[in-house]
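Trainee: Mind folding the following:
(chains A and B)
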Amino acid sequence: MTAPLFQSEEWTFESLHKVTDAIKAIYDEELGIPYYPIEIRTITSEQMIDAYGSIGLPFYYRHWSLGKSFAETERAYRTGQTHLAYELVINSDPCIVYCMEQNPMTMQALVIAHAALGHNAFFASNYLFKRWTHPQSIVEYAAFAERFVAVCEERHGYAEVEDVLDSAHALMAHAIHYHRLPQKISATDEAERLSRQIQEYERQYNPLMPHVEPPRPVERPERQSELDEPMENILYFIEKNSPTLPKWKREIVRIVYKLAQYFYPQGLTKLMNEGFATFTHHYVMQRLHEKGLITDASFELFIRSHVGVIRQPNFDERGGGPNLNPYALGFAMFTDIKRVCEAPTEEDQKWFPLIVGKPWRDVFRTAVEDLRDDSFIFQHLSPKVIRDFRFFRVLDDSTEDHFEVNAIHDDDGYAEIRRSLASRYDINFHRPLVEVVKVNVTGDQTITLRHRESFKRTLNEEEAIATMKHVENLWEFSVELISEDEKGDKKLHIHCNKGNISYSKKYMTSDNYVM
Amino acid sequence: MADYRIFDQRKTDGGRSKPNRERLLRREEKTIKDRIRDSLMRGKLDEIGNAESRKIRISGKGMRQPAFSFSGKGIYEHVLPGNKEFSKGDKLPRPPQGGSGRGNEGSRDGEGEDDYVFEMSEEAYLGYLLDDLKLPDMVKKRLTGSEEKERVRAGYSKEGPLSRAHLPISISQARIRRKAARLPRERRIRELEQERVDLEEVLSSEPHAPHDDPRRMRILEIEQEIEGQRRKIRALPFLDPVDMRYRDYTEEPKPVANAAVFYILDASASMTEPMKEMAKIFFWLMNRFLTRTYKNVVVVFIRHTSTAREVDEETFFGSTETGGTVISTAYETMLEIIDGRFPLEEWNIYACQSSDGDNVHDDMPRSVQLLSQHILPIVQYMAYVEVGSGNEYGGRTQTPMMLHLTPLAGVNPGVLALARVNSKEDIYPVFRGLFEREGEKS
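Mentor: As a prediction, the model looks like this:
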């Protein structure tokens, strides 16, 4: 009988090494999806909360919103959301994982299995991350970004820099080219570019003279006013086409959309990522226990934490949806895929003919590499999982005062539920698609943004007005937003010009729509 | 597979989020100031400066970052877990609020949840507290000499003349930069080396492989690439302007004079505990204020009953010894000390006296004489703060001290200030009143 790797819950560096070796051995042998080199950092709890404040990156620019998230994290942690301990891992090469000082050894093992292997492998193998991010250079890039912003603060003052960052952040969800692949310029080159900017900036600084911008050659975006294609990356559009925005501000806008690009895949893969990492930690800890490498007491401690994390409250309880716990659903789905591969039922044969009987690790690998949350659900959400969660679907029409159940966990309902659930993980579900469609090049430089309703889902007007002020702040000329309904009729029009905001909306009495 | 490393980061400096929090505080400055003053006015003074009082709660509503979002209106289909008994066609009432989670819920009304609680440092707290207070203008008139400034070391800056360059730090920065830039290339070189070793191993077991065997070609390619990477590493500049650090200096006003402050506390039996507490708080504020304003402040504590003694801070606030009241003894002691230790050419003298207003009857003439002829002529400023319980003299006649000091204050405006504190709520406003800039007194 092998001896357990550790007896006491007081961790030591030696036990960390032993456990990491054992976990890697099991993972490499039995799961095997490639991952980046691992860097484990032991930190104090203060440092952990600090790290959350900079989104886990060792460098990041300073902003008050991160001060706010510090407070949120601290409060969340104090009120018992301990899964935060193994949440803090970033998509980088090497993959940096944080082990908090106060964690008992069992928790450290869990962190390593969950984050250093699970999340790491997901970051390293999933197509979205490969396409949209540069993990080798993100740390370096963030360091330069931090530095550049600091230099700007020294030159132009906190308030001005905060002003630009605030406005850029407001548009961070509209900072991606969804329909075009990102340019090939690597993040190292991008970092070098920033470094050159910093140097040039510092050399130019002459405290005796007020900073004077060299006249910027005017680049007319389009000869005509209408864009050939609507531009969904609003920040990019502003950075490239703003007639008067000073160079340093444009550089900051660029930093923000580069970082938005880095974070983009994470929003689309939360379910899969947590599901895979949770499955990994559960599988590995179980195997360690089977092999006698962890004690019963340790395993029990682990199970208690695990069960807490994968709990999905029911619809009539707090936290009972429609936002579902990604750990719960993700873990259930991966576990189910394994089941379908190893012990399929007739139902599985019907629903998943392509994967029944295949080696589950190969199916996992394909999923992790090629899918994202919405396609993952489409392809792998099984009737069994739907029954386990007792999913049902309700129609929520805001003109009615009740919900109507229109699908439950029966034969008629499975495909419907799956379809609706998948669409919830689509990028356009949580945030409206707003695009730049027109620029008044020959006149007052007004840019026009357009939103189109679908399913009669209207924009939050207060937020829209506040955001348009930020757009105007960056564009430095007047801006307008038009929201159209499905027929193409203009429902909402917001216009911002030098602090004057006008907006109008139409009442569609024929549809009983009152706003 | 890939290797791994473990780093102990615990000893490196934390506080990365400190600048972010500072920015948040700056944004909310006005709210914070109001909150602090508010809590002081409401009489929580015995907690001045302690950790609890430094926790400021700010509503989260003011810190929202806007973004385009949905109103929540429209048509949605939600998948919910935990069906107990519903079938298709059943109707459910809407969940009370915030339960629908569609798009954006709009702002929830300020409840504990959205609030942020910050604990600020004592330094910051005092900053807000004592922010608008300035030394009475009177003080400036008495300062001798011009306003001199002196250069003081102030850390490091990223630019400066070469004579001020700090080479060890600059080189250290350069090393970090070069290392960071090297790492990806070194890793690539390792990968390539590994590939080459593998290929060579394979080829050595096939001695009759042709010369143009693709694997040999590949080895040549690898060698070229490795050389290329190495060249790039060598090309990294050893020292780059961005690495440079320079010793930085800043100019600070030279304190023209030193300040000596005399705190006089009446420890007689007629000063009750609550009164002593109020006095204590007042002295605490005074002390904090002066140490922020003057570079060098020497504090002298004089405790008196029917005799006066110079004591240390702990005894001053803590001692329970008690007795009768002869105020002149305190004044005499103060003058002796000034004579012995604080020559007036070099020291600005301040005094702050706290008493319940009582004095032995036949001591009054002597006390007044000492004040008007010896003390007031030489101090920059003296504050006399009378503490009471509010019941005793309120509405009735003034205390003996107040009666006699009022004319003195009239004759020496700007030098002697009188104030009365009846309860804790009064302390802070009185304090500010004594120190507000002239012309701003309300």
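
Trainee: How about the secondary structure of the residue of the stretch 1-150 of chain B found nearest chain A?
Mentor: Taking Cβ to the nearest Cβ as the measure, the stretch 1-150 of chain B has residue B:82 as its residue closest to chain A, at 2.7 Å. Yep, even glycine has a C-beta here, placed from its N, CA and C like the rest. Applying DSSP: H, G, I helix; E, B strand; the rest coil to residue B:82 yields a three-state assignment of coil.

Trainee: which ones are touching residue 363?
Mentor: Answering for chain A, as no chain was given. A:337, A:341, A:355 (Cβ atoms under 8 Å, 6 or more residues apart in numbering or on different chains).

Trainee: Correction: the question concerned chain B.
Mentor: Contacts of residue B:363 (Cβ under 8 Å, 6+ apart): B:325, B:326, B:327, B:328.

Trainee: let's go with 10 Å and repeat that
Mentor: Residues counted as contacts of residue B:363 (Cβ atoms under 10 Å, 6 or more residues apart in numbering or on different chains) are B:306, B:324, B:325, B:326, B:327, B:328, B:329, B:400.

Trainee: With residue A:13 instead?
Mentor: A:40, A:42, B:6, B:8.

Trainee: tell me which residues form a beta bridge with the third one?
Mentor: Read it as residue B:6. residue A:40 (DSSP bridges).

Trainee: does it really touch residue A:20, like I thought?
Mentor: Yes: judged on Cβ atoms under 10 Å, residue B:6 makes contact with residue A:20 at a distance of 7.4 Å.

Trainee: Quick check: neighbours shared by those two?
Mentor: Going by Cβ under 10 Å, 6+ apart, residues that sit against residue B:6 and also against residue A:20 are A:38, A:40, A:112.

Trainee: Need the nearest residue in space to the first one, chain neighbours excluded.
Mentor: Put plainly, it is residue A:38. Excluding the flanking residues, the one nearest residue A:38 by Cβ to Cβ, 6 or more residues apart in numbering or on different chains is residue B:4, at 3.7 Å.

Trainee: what about the one you found, neighbour count?
Mentor: 22 (other Cβ atoms under 10 Å in any protein chain shown).

Trainee: Next one: residue A:18 from residue A:361, what distance?
Mentor: 25 Å (Cβ to Cβ, to the nearest Å).

Trainee: Ok, residue A:450 next?
Mentor: 46 Å.

Trainee: okay, these two: which has more neighbours?
Mentor: residue A:450 (17 against 14).

Trainee: Just say helix, strand or coil for the residue of the stretch 251-400 of chain B found nearest chain A.
Mentor: Proximity of the stretch 251-400 of chain B to chain A (Cβ to the nearest Cβ) peaks at residue B:251, 14.9 Å away. Of the three states, residue B:251 takes strand under three-state DSSP.

Trainee: do the same with residue A:99
Mentor: The three-state assignment at residue A:99 reads strand, by three-state DSSP.

Trainee: Quickly name whichever of the contacts of residue B:363 is closest to residue B:274.
Mentor: Nearest to residue B:274 among these is residue B:325, at 17.5 Å by Cβ to Cβ.

Trainee: what's the burial count for that closest one?
Mentor: When neighbours are counted by other Cβ under 10 Å, residue B:325 registers 24.

Trainee: one step back: any quick PyMOL command for the buried ones out of the contacts of residue A:13?
Mentor: Those of the contacts of residue A:13 that count as buried under 16 or more other Cβ atoms under 10 Å in any protein chain shown are selected in PyMOL with:
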select buried, (chain A and resi 40+42) or (chain B and resi 6)
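
Trainee: Could I get the pLDDT score of the closest residue to residue A:390 other than its chain neighbours?
Mentor: Counting by Cβ to Cβ, 6+ apart, residue A:390 lies nearest to residue B:83, which is 4.2 Å off, once chain neighbours are set aside. As summarised for this prediction, residue B:83 has a pLDDT of 93.

Trainee: Now residue B:165. Its backbone dihedrals?
Mentor: phi -60, psi 140 (degrees, to the nearest 10).

Trainee: which element is the residue lying closest to residue A:2 once chain neighbours are set aside on?
Mentor: Excluding the flanking residues, the one nearest residue A:2 by Cβ to Cβ, 6+ apart is residue A:292, at 4.7 Å. Using DSSP states H and E, residue A:292 sits in no helix or strand.

Trainee: Same check on the one 5 residues further on?
Mentor: Element membership of residue A:297 [criterion: DSSP H and E] is helix A:296-309.

Trainee: which helices and strands sit right next to that helix?
Mentor: Judged by 3 or more Cβ pairs under 10 Å, 6 or more residues apart in numbering or on different chains; DSSP states H and E, the packing partners of helix A:296-309 are helix A:105-111, helix A:270-290, helix A:326-342.

Trainee: Chain B is nearest to which of these?
Mentor: helix A:326-342 (8.5 Å).

Trainee: and the gap between the nearest residue to residue B:325 once chain neighbours are set aside and residue B:358?
Mentor: Setting aside the residues directly before and after it, residue B:325 is nearest to residue B:268 in space (Cβ to Cβ, 6+ apart), at 4.0 Å. From residue B:268 across to residue B:358, the span is 7 Å (Cβ to Cβ).

Trainee: try residue B:341
Mentor: Distance from residue B:341 to residue B:358, by Cβ to Cβ: 30 Å.

Trainee: out of these two, which sits in the busier spot?
Mentor: Higher neighbour count among residue B:341 and residue B:358: residue B:358, with 19 against 11, using other Cβ under 10 Å.

Trainee: and the longest strand seen in chain A, average pLDDT?
Mentor: Ranked by residue count under DSSP state E, the longest strand found in chain A is strand A:490-497. Per-residue pLDDT over strand A:490-497 has a mean of 89.

Trainee: Stretch B:347-361 too?
Mentor: Stretch B:347-361 comes out at a mean pLDDT of 87.

Trainee: low-scoring stretches of the stretch 51-200 of chain B, by residue?
Mentor: Within the stretch 51-200 of chain B, the segments meeting pLDDT under 70 span B:51-63, B:96-124, B:126-149.

Trainee: residue boundaries of the helices in it?
Mentor: B:122-130, B:137-142, B:167-204 (DSSP state H, counting those that start in this stretch).

Trainee: Deepest in the core, which of those helices is it.
Mentor: Ranked by mean neighbour count, those are led by helix B:122-130 with a mean of 17 (mean count of other Cβ atoms under 10 Å in any protein chain shown).

Trainee: Okay, and the beta partners of residue B:249?
Mentor: Counting by DSSP bridges, residue B:249 is bridged to residue B:153.

Trainee: residue ranges for the strands of the stretch 101-250 of chain A, please.
Mentor: A:226-231 (DSSP state E, counting those that start in this stretch).

Trainee: so where's it shaky on pLDDT?
Mentor: A:179-188, A:191, A:201-224.

Trainee: sorry, back to before: which one of the shared contacts of residue B:6 and residue A:20 is nearest chain B?
Mentor: Within those, proximity to chain B (Cβ to the nearest Cβ) peaks at residue A:38, which comes in at 3.7 Å.

Trainee: Do I have it right that that closest one meets residue A:17?
Mentor: No: Residue A:38 is beyond contact range of residue A:17, at 11.7 Å (criterion: Cβ under 10 Å).

Trainee: Among these two, which residue is more densely surrounded?
Mentor: Higher neighbour count among residue A:38 and residue A:17: residue A:38, with 23 against 14, using other Cβ under 10 Å.

Trainee: The helix or strand harbouring residue A:261 to helix A:270-290, inter-axis angle?
Mentor: Following DSSP H and E, one finds residue A:261 within helix A:247-268. Counting by axes from the mean of the first three to the mean of the last three Cα atoms, to 10 degrees, helix A:247-268 lies at 60 degrees to helix A:270-290.

Trainee: Spell out whether helix A:247-268 and chain B are in contact.
Mentor: No: counting by Cβ under 10 Å from any Cβ of the partner chain, chain B is not contacted by helix A:247-268; separation bottoms out at 11.9 Å.

Trainee: Perfect, I'm done here.
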